[in-house]
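1. quick one, structure for this:
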Amino acid sequence: MTATPLSESPLWRWSSQFYERAATEAWSKGTVPWRLTNSVRVAEAYGRMITAWRADLIAAGLKTVDAPIEVLELGGGAGRLAFHLVRWLEAAKVPFQLMWTDAAQSNVEAFRARAFVHERPGVVEALKLDALSERDAPPMAPDVVIATYLFDTLPHDAWAVRGGKVFSRAVRVELPPGDAPECERAVLEWEDVEVDVPAFVRGYAPRVGEGVFMVPSGALRCLARVGGWAHGRCLVLAADKGEPDVAAVQTGGNPKLQRHGGISAMVNFDAIRAWWGWRPFLRSAQAEPDLGFYALAQGLETLAVTRATWSATLGAESLLHRLRELDALLQYPQPVKRLLEVLEAWRFDPDVFVRMAEPLRAAQPTPDEGALLVEAIDRAWESHFEVGGAVDVAFEMATVLHRLGQLTHAARFYERSLEAHGRHATVCFNLALCRLDLGDRERGAALLREVLSLSPGHGGATRILARLGAG
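-> Numbers count the residues shown, from 1 in each chain. Below is the predicted model of the structure:
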């Protein structure tokens, strides 16, 4: 195969096909990173930024106080961020309309089937939209555009500066036979090729100096299209992995690509900032290659509320650092009070609860702490967005409630686990114990018999049925 510019290689087409086939399993199986950027805390920060931008629009006389803020989410994936954002905006009584989009029809159909979407006709809508397709456009002029882990999946181009001269870093792609996704199997060979260098790349290259760098050409095209849809006035909220500054870009080497069924690239946000020019570009103070948050504004002269809100939310701290602190904290036993404080700080995010479920099961809370823990579990469940996969949030909550002696409550969560994840011997056995302890011998015995059908020879079910004389 002839070497081509990276953006013209088949990698991006294969990646799109992978996401169409995988649908929401790309998120439920952990193939694609998403839990932090789709967390309750990030949704709250985005909600505050949306509210701030709306306030600046109203102050500029560009929106009335009763008019809804129009939000467009690109590459919405599983839809979890939208779920949390909608709940926050409604609680804050902010009038809004959300157009949720994804390039994969399978994801759009899954999102449309969600109960919370059906319950909000005309307020939350779903649309298949390819951010780069000239045929696609949203039926709105968005005030705010959300792009989470989108730019890294759009085509990139690679460049090399050798002795002050700029070359295209072209790629030759070979595809060996096999069953793995194409992007996983692809063999890449790189070479420098002389081409007519675009004006932006010519102007940006001296900033990098010698070595290899990438330009997120797909992201730049997407931002240009967004500006057209919004008639030159909108706020773009982006979260992605990438190079936050030129120092990170200047590491050299071959283009930084990652494979996870599809393919993605480290986004050169320094190049995006250069391309964005004089328009406001806000970056989180502690942006790092693993994850950074960015806000790109255009069309307003005064951003007083937006800038202040950014400084008080995503611009002020690294949520990735906070998550690492949480993981470090959980390496050692913690009092229940401390765990509840942390869970509240994370806005009762169910994924944070799952991280601390084991220490909570091992804890011995006081009666007051137990009551607070039950309340915290109920609040966390309200924020749960089921995507399937190995993480069974309802089961984790049920086992903590079971240890607390909250049998009726635990049984309800075991039933939710069975409904979402199917019949499993361990869940059925635990639910049977709850039923028996609650005095429901008939249903408890029926569940134990089901356990034996799912797991013949299950010792616990066999012994209890023998004692009950209900084998």
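2. Val94 reaches Ile50, doesn't it?
-> Yes. Counting by C-beta atoms under 8 Å, Ile50 is a contact partner of Val94 at 7.1 Å. For the C-beta atoms, the positions are set from N, CA and C on the backbone; glycine is no exception.
3. residues shared between the contacts of the two?
-> When contacts are counted by C-beta atoms under 8 Å, 6 or more residues apart in numbering, the set common to Val94 and Ile50 consists of Ile69.
4. so for those two, which residue has more residues nearby?
-> A direct count of neighbours by other C-beta atoms under 10 Å for Val94 and Ile50 places Ile50 higher, at 27 against 15.
5. residues contacting that one?
-> Residues in contact with Ile50, defined by C-beta under 8 Å, 6+ apart, are 69, 71, 85, 89, 94, 96, 144, 235.
6. which SSE is it in?
-> In this assignment (DSSP states H and E), Ile50 forms part of helix 40-59.
7. strand partners (parallel or antiparallel) of the helix or strand that that helix is followed by?
-> Per DSSP H and E, the first helix or strand lying C-terminal to helix 40-59 is strand 69-74. As defined by DSSP bridges, the strand partners of strand 69-74 come to strand 96-102 (parallel), strand 144-148 (parallel).
8. quick one: pLDDT of Trp27?
-> Per-residue confidence (pLDDT) for Trp27: 51.
9. make that Gly209, sorry
-> pLDDT at Gly209 comes out at 90.
10. list the contacts of stretch 58-70.
-> Contacts of stretch 58-70 with the rest of the structure, by C-beta under 8 Å, 6+ apart, involve 50-51, 53-54, 57, 94-97, 99, 140-144, 233, 300-302, 304-305.
11. could you measure from Arg279 over to Leu89?
-> Distance, Arg279 to Leu89, by C-beta to C-beta, to the nearest Å: 25 Å.
12. again with Tyr414
-> Tyr414 is 33 Å from Leu89, where distance means C-beta to C-beta.
13. neighbour count: those two, which is higher?
-> With neighbours defined as other C-beta under 10 Å, Tyr414 and Leu89 compare such that Tyr414 has more, 29 against 22.
14. figure out the helix or strand that the residue lying closest to that one once chain neighbours are set aside lives in.
-> With C-beta to C-beta, 6 or more residues apart in numbering as the criterion, Tyr414 has its nearest non-adjacent residue at 4.0 Å, and that residue is Leu431. Here Leu431, judged by DSSP H and E, is contained in helix 425-437.
15. Gln97 against Val123, yeah?
-> Yes. Using C-beta under 8 Å, Gln97 is in contact with Val123, at 5.9 Å.
16. touching, Leu468 and Arg441? I think so.
-> Yes. Applying C-beta under 8 Å, one finds Leu468 in contact with Arg441, separated by 6.9 Å.
17. show me the common contact partners of the two, please.
-> Overlap of the contact sets of Leu468 and Arg441 (by C-beta under 8 Å, 6+ apart) is empty.
18. stretch 130-142: end-to-end distance?
-> Chord length of stretch 130-142, first to last residue, is 16 Å (C-alpha to C-alpha, to the nearest Å).
19. in that stretch, what's buried?
-> Of all the residues in stretch 130-142, those buried under the rule 16 or more other C-beta atoms under 10 Å are 130-131, 138, 140, 142.
20. what do you get for stretch 200-214?
-> Neighbour count says stretch 200-214 has 201, 204-205, 208, 212-214 buried, by 16+ other C-beta under 10 Å.
21. now it - C-alpha only, PDB.
-> Taking C-alpha atoms only, stretch 200-214 is exported to PDB below (Å, rounded to 0.1, in the frame of the first residue of the first chain):
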ATOM      1  CA  PHE A 200      -1.300  27.000   9.100                       C
ATOM      2  CA  VAL A 201       1.200  24.100   9.400                       C
ATOM      3  CA  ARG A 202       4.000  26.300   7.900                       C
ATOM      4  CA  GLY A 203       3.200  29.000  10.500                       C
ATOM      5  CA  TYR A 204       2.900  26.600  13.400                       C
ATOM      6  CA  ALA A 205       6.000  24.400  12.700                       C
ATOM      7  CA  PRO A 206       8.600  26.900  14.000                       C
ATOM      8  CA  ARG A 207       6.900  26.900  17.300                       C
ATOM      9  CA  VAL A 208       7.700  23.200  17.700                       C
ATOM     10  CA  GLY A 209      11.200  23.300  16.200                       C
ATOM     11  CA  GLU A 210      12.800  20.000  15.100                       C
ATOM     12  CA  GLY A 211      10.900  16.700  15.400                       C
ATOM     13  CA  VAL A 212       7.500  15.200  14.800                       C
ATOM     14  CA  PHE A 213       4.200  16.700  15.700                       C
ATOM     15  CA  MET A 214       0.600  16.200  14.900                       C
END
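22. and for that stretch, what's in contact with it?
-> Here stretch 200-214 has contacts from 6, 156-164, 166, 169, 197, 215, 220, 246, 249-256, 265-266, 268, 270-271, 274-275, using C-beta under 8 Å, 6+ apart.
23. filter these down to the buried ones, PyMOL style.
-> Remark: buried members of these, expressed as a PyMOL selection using 16+ other C-beta under 10 Å:
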select buried, resi 6+156+157+158+159+160+161+166+169+215+220+246+249+250+255+256+265+266+268+270+271+274+275
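24. counting contacts, what elements does the longest strand that the chain contains pack onto?
-> The single longest strand within the chain, with elements called by DSSP state E, is strand 165-174. Counting contacts by 3 or more C-beta pairs under 8 Å, 6 or more residues apart in numbering; DSSP states H and E, strand 165-174 is packed against strand 157-162, strand 187-193, helix 199-208.
25. fine, thanks again, bye for now.
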